[in-house]
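can't give you the sequence, but here's the structure:
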């Protein structure tokens, strides 16, 4: 349920909403997970998370510019949809998505899906 603390067995807390500027991102790491995760905050305070790697040339999406519900990779400008991880056409590719939610102002990521996203990115 939105606004409630997720089941602690499947979700990990990675920070607070105010840790991320509006239309910005923060790079986080989770114990036992090899790849960094980019957590994004839109202008409307929606939270999204992707493996922090552009599908084009592995650029750091956490350093990109958030535009609506997408981020532009800082290396070559590919636009990646935050909700699906898909590159905007005509580009093709996908960054694995990690389900994220807010509980109050705390940001939580699904540990089960995070592990699966890391496998997808390998």
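Now that the structure is in, tell me what you want to look at. Quick caveat: nothing in here was measured; it's all calculated off a predicted structure. Numbers count the residues shown, from 1 in each chain.

only C-alpha atoms for contact and neighbour calcs from this point on.
Will do.

Distance check, residue 104 against residue 63.
26 Å (Cα to Cα, to the nearest Å).

more neighbours, these two?
residue 63 (18 against 12; other Cα atoms under 10 Å).

Identify the residues contacting the more buried one.
Going by Cα atoms under 8 Å, 6 or more residues apart in numbering, residue 63 touches 25, 73, 74.

which regions of this structure sit below the pLDDT cut-off?
For the chain, applying pLDDT under 70 flags the ranges 1-9, 122.

can you give me the helices in it?
Under the criterion DSSP state H, the chain contains helices at 111-121.

Tell me which residue lies nearest the centroid of it.
By Cα atoms, centre = their mean, the chain has its centre lying nearest to residue 49, at 1.6 Å.

what pairs with that residue across the strands?
Beta-bridge pairing of residue 49 under DSSP bridges involves residue 39.

I'd say it and residue 100 touch.
Yes - contact criterion Cα atoms under 8 Å: residue 49 and residue 100 qualify, at 6.1 Å.

Understood, closing this out.
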